[in-house]
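Visitor: sequence and predicted structure below; questions after.
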Amino acid sequence: MHDSHDGKTVTMTEQEVEAGQAVYSKPILGIYDWFVLGFSNRLIWKCPSRHILALYDRHVTANHLDVGVGTGYFLDSCRFPDASTRLGLMDLNSNCLDAAGKRLARYRPEVYRANVLDPISRDIPSFDSISLTYLLHCLPGTMKTKSAVFRHLKPLLKPNGVMFGATLLSDGVHRSWAAKRLMALYNAKGVFTNDQDDLQGLRTALSEHFTSVTIDVVGCAALFSARG
Ligand SMILES: C[S@@+](CC[C@H](N)C(=O)[O-])C[C@H]1O[C@@H](n2cnc3c(N)ncnc32)[C@H](O)[C@@H]1O
C-alpha cells in the first residue's frame with residue numbers, strides 16, 4: 001500500500017503499480033461502462049460483456065469479494081443467489097471504491113483499500129467466492145510475478161471457495177489488428193502490462209495455487225475459475 005504522490009518516495013515498481021490504477025479518475029469511470037464494457041469488449045477484445053456476466057452468474061456466492069472493482073458493473077448486474085449477500089469490495093483506487101460502493105449500496109458492502117501485489121494484512125473473515133475481472137492485465141510484471149495476487153487472496157477464500165475472473169492476454173489468444181494496436185498503446189502508457197501475458201502462463205500461475213482450474217478463451221480474454 002502506498003499513498004505517496006510527491007514523486008520523491010515512489011520507486012519504479014510503485015510507479016508501475018500506480019499507473020495500472022491511476023487512470024481510473026472520476027471522468028474515466030463515467031465513460032468506463034460504455035467504452036470498455038460496451039465498445040471495447042464487443043468490438044476490440046471480441047469478448048462481449050455478457051460472457052463475463054455469465055461467469056459471475058455461474059460462480060458468485062452470497063459471501064463474495066470482488067477485487068479490482070472499477071465501476072461495479074458486473075456486481076450490479078449479476079444474480080446473487082441470496083438476498084442477504086455479504087459483499088466485499090477491494091481496490092487500490094479510492095475513486096473505484098467510491099463509485100462501486102455507491103452503486104452497490106443496497107448490499108452495504110465492506111470496503112477494503114489495498115494493493116493486491118502486497119500481502120493483505122487485515123484480519124478479514126473469509127469469502128466463498130472471490131472475483132478478479134480485468135485486474136491482472138492492469139498489474140505490472142509478468143504472469144509469474146502477478147501470481148502473487150493468488151497467494152495474497154487465497155487466505156481470504158474458504159477451502160471450498162471459488163476464485164474466478166477474466167484477463168486480457170497477448171499470446172495464446174487471437175488478437176485482431178485493432179486489439180494489437182490498442183493493447184500496445186495501453187502497455188506503452190502503463191495502463192496495461194500484459195505484453196508478455198499468455199494463456200499457458202495464466203494456467204501455470206493458477207495451477208500453482210489451485211487443484212481445479214478452468215479457462216475459456218473468448219476473443220483475447222481468458223475467463224477463468226479455480227478451486228481447491
Ligand atoms: C480494468 S479495471 C476492472 C474493473 C472491473 N473489475 C471490470 O471488469 O469492469 C481494473 C481495476 O483494478 C484496480 N487495480 C489496479 N491495480 C490494482 C492493484 N495493484 N491493487 C488493487 N486494485 C488494483 C483498478 O483501480 C480498477 O478498479
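Guide: Alright, I've got the coordinates.

Visitor: which one's the longest strand in the chain?
Guide: Longest strand in the chain, counting residues (DSSP state E): strand 157-168.

Visitor: could I have the CA atoms of that one written out in CSV?
Guide: Extracted in CSV, the C-alpha atoms of strand 157-168 (Å, rounded to 0.1, in the frame of the first residue of the first chain):
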residue,chain,number,x,y,z
LEU,A,157,-11.0,-17.7,0.3
LYS,A,158,-12.8,-20.5,2.2
PRO,A,159,-11.3,-24.0,1.5
ASN,A,160,-14.2,-24.9,-0.8
GLY,A,161,-14.4,-21.5,-2.3
VAL,A,162,-14.0,-20.4,-5.9
MET,A,163,-11.8,-17.7,-7.4
PHE,A,164,-12.8,-16.5,-10.8
GLY,A,165,-12.4,-13.7,-13.3
ALA,A,166,-11.1,-12.6,-16.6
THR,A,167,-8.0,-11.1,-18.1
LEU,A,168,-6.8,-9.9,-21.5
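
Visitor: the helix or strand just after that strand - what's its average pLDDT?
Guide: Next helix or strand after strand 157-168 toward the C-terminus (DSSP states H and E): helix 177-189. Averaging pLDDT along helix 177-189 gives 97.

Visitor: now helix 177-189, how far from the chain's geometric center?
Guide: The chain centroid and the centroid of helix 177-189 are separated by 19 Å under CA atoms, centre = their mean, to the nearest Å.

Visitor: that older thread, residues touching the longest strand of the chain, excluding its own?
Guide: The contact list for strand 157-168, computed with CB atoms under 8 Å, 6 or more residues apart in numbering, reads 45, 47, 52, 55-56, 58-59, 61, 63, 126-137, 150, 153-154, 183, 192, 194, 197, 202, 210, 220-227. Using the backbone N, CA and C atoms, a C-beta is placed for each residue, glycine as well.

Visitor: now list the buried members of those.
Guide: The neighbour-count criterion (16 or more other CB atoms under 10 Å) marks 45, 47, 52, 55-56, 59, 61, 63, 127-137, 150, 153-154, 183, 192, 194, 197, 202, 210, 220-227 among the contacts of strand 157-168 as buried.

Visitor: of those, which belong to helices?
Guide: When the buried ones among the contacts of strand 157-168 are checked against helices (DSSP state H), the matches are 52, 55, 56, 59, 150, 153, 183, 202.

Visitor: excluding its backbone neighbours, what's nearest the fourth one?
Guide: Just to be clear, that refers to residue 59. Spatially, and ignoring its direct neighbours in sequence, residue 59 is nearest to residue 164 (4.5 Å; CB to CB, 6 or more residues apart in numbering).

Visitor: quick one: mean pLDDT for the longest strand of the chain?
Guide: pLDDT averaged over strand 157-168 gives 98.

Visitor: wait, does it make contact with the ligand?
Guide: No: judged by CB under 6 Å from any ligand atom, strand 157-168 stays clear of the ligand, getting no closer than 7.1 Å.

Visitor: quick one, what contacts the residue of the chain found nearest the ligand?
Guide: Closest to the ligand within the chain is residue 70: 2.3 Å, counting by CB to the nearest ligand atom. Applying CB under 8 Å, 6+ apart to residue 70 gives the contacts 24, 29, 32, 36, 96, 99, 100, 133, 134.

Visitor: of these, list those near the ligand.
Guide: Contacts with the ligand are made by 24, 96, 133, 134 out of the contacts of residue 70, judged by CB under 6 Å from any ligand atom.
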